[in-house]
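In: A structural model of the following input is requested.
(4 chains)
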There are 2 protein chains.
Amino acid sequence: MNATRAPAGPKRADARRNYELLLAAATEAFAERGADDVSLEEIARRAGVGIGTLYRHFPARQALLEAVYKDQVDGLEVLAGKLLVHESPAEALAEWMRAFAAFGRTKRSMSAALMATLGKQSELLSACSKVLRGCTEALLARAQEAGVVRPDVQSADLLRLTHALIMAADAPGGDPGQADRMFSLLMDGLLVAQAPTAG
Amino acid sequence: MNATRAPAGPKRADARRNYELLLAAATEAFAERGADDVSLEEIARRAGVGIGTLYRHFPARQALLEAVYKDQVDGLEVLAGKLLVHESPAEALAEWMRAFAAFGRTKRSMSAALMATLGKQSELLSACSKVLRGCTEALLARAQEAGVVRPDVQSADLLRLTHALIMAADAPGGDPGQADRMFSLLMDGLLVAQAPTAG
DNA sequence: TACTATACGGAGGATGCCTCCGCTTCGCAA
DNA sequence: TTGCGAAGCGGAGGCATCCTCCGTATAGTA
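Out: Okay, the predicted model is just below:
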């Protein structure tokens, strides 16, 4: 997956490739069907490797879950780094929020499974949320300093709003485009008015 | 389990007895080992019935989980009713808090499993928490009206404190008596001072 | 090319979920 | 008390999943 990451996985080239394949397959499968409804055998099949290989890299289901979660957060962090030097602070923030929302959707399907074994105050979880909070703060601050986003918005508001938005949009029966539309509304609200509003 | 409940289960005596046995066995097993680490076969074995009988009464794992949860809440509600006419409002409140804390411990092991399939805003869950909130409010108000508990305490504080206490006390490595000691401290703090404190 | 450490793959044992159906027991009525 | 039908019981067994183990294959090295 996140090829930008420092080499942390297995040594041999084939092992490393399989590791990435498994991570990708698991991410996809979890997103599609929820973390509880995918068998490890299916993930191995999707990745095109044997079940034994999966277990060598991820000794337990939990390990795979954690790896996927961490991989996503790592990816977001890398993205934030790039966006912080993006030419348009407003676009950067929008892009970030979009990515964050997408992540939230995946996370939702995994959090229950993760919580069940990890505990609510796990080190992994709190470290990850700290990272994400930091990224959001930095991007928001930059956009505000550039004067393109309302100065009275706080990062906590942003995080919570996005979260709420995901929850609402993913309700059963909602059309898939709804999340995007709601997201646009939110972004429009963030920007400072381009022209004075009529009284 | 809660024999005080109105007849709501199966009709025939043996079926009814097995229902109660299963509920009791499941409650015990869940409390001992967590809701995720007990097989339904073991619960049937503990209850002394066949697996088929378990499935007749509780068509899915979820149903058993819900039944145990609801049974506990029902039991607490009955207890609250009794405590509301207890001679000592302070003792009644203490007893209630103790029972509530014990429930919280069980609940903790089940909530993840319940959430996973029920959803956070399930009708069952919200109904149950409403009941518990009501009970706590009534018992607290009575103790405050009797002048034995500090008037500035709110029921929400109580619920949250107890919750936090359970979480902290159940941390790995903590000794089993800790919860009780912390609980005593909390109760002492609630009571109005018996003598004026020295300046 | 030859060699070895490393990794692969999938058969298979263990366990758990749930269904199905022949046997047992309850509760009622005569 | 006895007989009977309905209700309930129990557990074998089918199916899915988890995880281990070990013979085979391959990457990397000299």
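
In: what parts of chain A come near DNA strand D?
Out: Contact residues, chain A versus DNA strand D (C-beta under 7 Å from any atom of the strand): A:12-14, A:39-41, A:51-52, A:55, A:59-61. Yep, even glycine has a C-beta here, placed from its N, CA and C like the rest.

In: put the buried members of those residues into a PyMOL selection.
Out: Those of the residues of chain A next to DNA strand D that count as buried under 16 or more other C-beta atoms under 10 Å in any protein chain shown are selected in PyMOL with:
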select buried, chain A and resi 40+61
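
In: name the helices or strands packed onto the helix or strand hosting A:Ala113?
Out: If you go by DSSP states H and E, A:Ala113 is part of helix A:89-118. Contact here means 3 or more C-beta pairs under 8 Å, 6 or more residues apart in numbering or on different chains; DSSP states H and E; on that basis helix A:89-118 packs against helix A:13-33, helix A:61-83, helix A:123-145, helix A:155-169, helix A:178-190, helix B:89-118.

In: one more time with 6 Å, if that's ok
Out: The criterion is 3 or more C-beta pairs under 6 Å, 6 or more residues apart in numbering or on different chains; DSSP states H and E, and the helices and strands that helix A:89-118 contacts are helix A:13-33, helix A:61-83, helix A:123-145, helix A:155-169, helix B:89-118.

In: which stretches of chain A have low pLDDT?
Out: Where chain A drops to pLDDT under 70, the residues are A:1-10, A:116-121, A:168-176, A:193-199.

In: one more time with 80, if that's ok
Out: Within chain A, the stretches falling below the threshold (pLDDT under 80) are A:1-10, A:105-106, A:108-122, A:163-182, A:192-199.

In: smallest distance to DNA strand C belongs to which residue of it?
Out: A:Gly52 (1.8 Å; C-beta to the nearest atom of the strand).

In: may I have the helix or strand where that residue lies as CSV, with CA atoms only?
Out: Taking DSSP H and E as the criterion, A:Gly52 maps to helix A:51-57. In CSV, the C-alpha atoms belonging to helix A:51-57 read as follows (Å, rounded to 0.1, in the frame of the first residue of the first chain):
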residue,chain,number,x,y,z
ILE,A,51,-3.6,-18.8,3.5
GLY,A,52,-0.3,-19.8,5.0
THR,A,53,1.3,-16.7,3.7
LEU,A,54,-1.4,-14.5,5.2
TYR,A,55,-0.8,-16.1,8.6
ARG,A,56,3.0,-15.7,8.3
HIS,A,57,2.6,-11.9,7.9
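
In: nearest residue to A:Leu114 in space, please, no chain neighbours.
Out: A:Leu65 (5.7 Å; C-beta to C-beta, 6 or more residues apart in numbering or on different chains).

In: what helices and strands are in contact with the helix holding A:Gly52?
Out: Using 3+ C-beta pairs under 6 Å, 6+ apart: helix A:51-57 touches helix A:13-33, helix A:40-47.

In: mind putting these into a markdown table with distance to B:Phe103?
Out: Putting the helices and strands packed on helix A:51-57 into a markdown table (distance: least, C-beta to C-beta, whole Å) gives the following:
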| stretch | distance to B:Phe103 |
| --- | --- |
| helix A:13-33 | 33 |
| helix A:40-47 | 35 |
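
In: nearest to A:Ser111, of these?
Out: helix A:13-33 (11.1 Å; C-beta to C-beta).

In: what's the closest one in contact with?
Out: For helix A:13-33, contacts defined as C-beta atoms under 6 Å, 6 or more residues apart in numbering or on different chains pick out A:1, A:9-10, A:38, A:43, A:46-47, A:49, A:53-54, A:57, A:64, A:68, A:71, A:106, A:109-110.
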